[in-house]
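S.K.: just need the structure, nothing else, for what follows:
(2 chains)
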Amino acid sequence: MFLNKIIGLARSPTSVNQLSNLFQRCLISSTSAFQNKLTPAQSLEVSKYDERKDPVKNINEMIKNDEAGRLFAVVHICGKQFKVTAGDIILIEGHWEPSNGDELRLEKVLLCGSQDFTLIGRPILQKDLVNVQATVIEKSLSHTRTHFKFKKRKQYRRINFQRQPTTVLRINSIEIKNLVNQNKNAESLENVFY
Amino acid sequence: MVFLTAVNLIRSRGPDEWWRKRKIFKLAAYFYGRRRNCYSLAIRSVHRALVYATKSRQERKSDLAELWKQRITAGAAQHGIEYWQFMDGLHKNNIEINKKNLADLAAWEPASFESLAKISKDFVEKNRNK
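M.R.: Next comes the predicted model:
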């Protein structure tokens, strides 16, 4: 019966907010800042994007009013690209300089998307546009990989063991810092070190 | 003077037989039938397994690349554009997201992928008559 009630609520468009309140009440309150942003109630909200307006104005309005919601980004780290969102944990293989506990700002953001819009970099977004904060939480070695070569009836056998240094990175937050299309002299890759 | 211990050391090389076999049996622990318990059978299959593991570490990369290509092709086809046209359009527009992430976008972020497809489509249509 309760389930029927929920479905009834969901069908009537006026009571979407009621339903989202229902979910919000079910949530366990969390202290961390970025976890608070990830309430499932957000996905039920009606989109604020108005397709009749100019997209840049539209997006800038959403950014101003803080309506962008949860963001994801494609970032370039240590020669690899990762699609991340706040709270993600990613594993980077190979030698990488940052040490444990370092707080980093990932600057090579190739793409940043929200529920209603996507910012695409050519090839990366302007430095001051998107702020992706990350923390190094672990530096260790990977599991042992056995490299074994063998030829039958030829007395040929080579065995090597190999472990790679790995870095575990936690993405703390992804935020849009500035308005889109404000900085007219668009920055090229000159200031980026590869 | 006779050095008996040195001669004995040369003869008895390596770890004890039991320990040597134990290393192999540990790797063969999950095998089926007698290959798990009989050393002469176990060592054969352990060697094979290790060779497969070594080779497939390379193959995995090409397998995944194939999967990504399939997913991008399917995603692009949804918006009426071919794989190579889609990729070409992106590269000519200086968008350098790799295939792994494009496949991810195609699967999980259809709206973002649609806008990427639009960019390449525009490029293709502009350059059609050139």
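S.K.: how about residue 89: what's its closest non-neighbour residue?
M.R.: Just so you know, I chose chain A. Using CB to CB, 6 or more residues apart in numbering or on different chains and skipping the chain neighbours, the partner closest in space to A:I89 is A:R170 (5.2 Å). For glycine as for every other residue, the C-beta is placed from the backbone atoms N, C-alpha and C.
S.K.: my question was about chain B, not that one.
M.R.: Once flanking residues are discounted, B:G89 sits nearest to B:S120: 2.5 Å by CB to CB, 6+ apart.
S.K.: is it correct that that neighbour is in contact with B:I81?
M.R.: Yes - using CB atoms under 8 Å, B:S120 makes contact with B:I81 at a distance of 6.1 Å.
S.K.: can you list residues touching both of the two?
M.R.: Common neighbours of B:S120 and B:I81 (criterion: CB atoms under 8 Å, 6 or more residues apart in numbering or on different chains): B:G89.
S.K.: helix, strand, or coil at the residue nearest to A:I89?
M.R.: What DSSP: H, G, I helix; E, B strand; the rest coil gives for A:R170 is strand.
S.K.: could you give the number of residues near it?
M.R.: The local packing of A:R170 (other CB atoms under 10 Å in any protein chain shown) involves 16 other residues.
S.K.: what's near enough to touch it?
M.R.: By CB under 8 Å, 6+ apart, the contact set of A:R170 is A:87-89, A:134-135, A:137.
S.K.: the residue nearest to B:G89: what's it in contact with?
M.R.: B:S120 neighbours (CB under 8 Å, 6+ apart): B:76, B:81, B:85-90, B:93.
S.K.: mind checking how far it is from A:Q182?
M.R.: Look at B:S120 and A:Q182: by CB to CB, to the nearest Å, they are 27 Å apart.
S.K.: go on, A:I124?
M.R.: 17 Å.
S.K.: what residue spans form the domains of chain A?
M.R.: Here chain A is described, according to automatic domain parsing, as comprising the domains A:1-33, A:47-180.
S.K.: quick one: which of those domains is nearest B:Y30?
M.R.: For B:Y30, the closest of the domains of chain A is domain A:47-180, at 15.7 Å, according to CB to CB.
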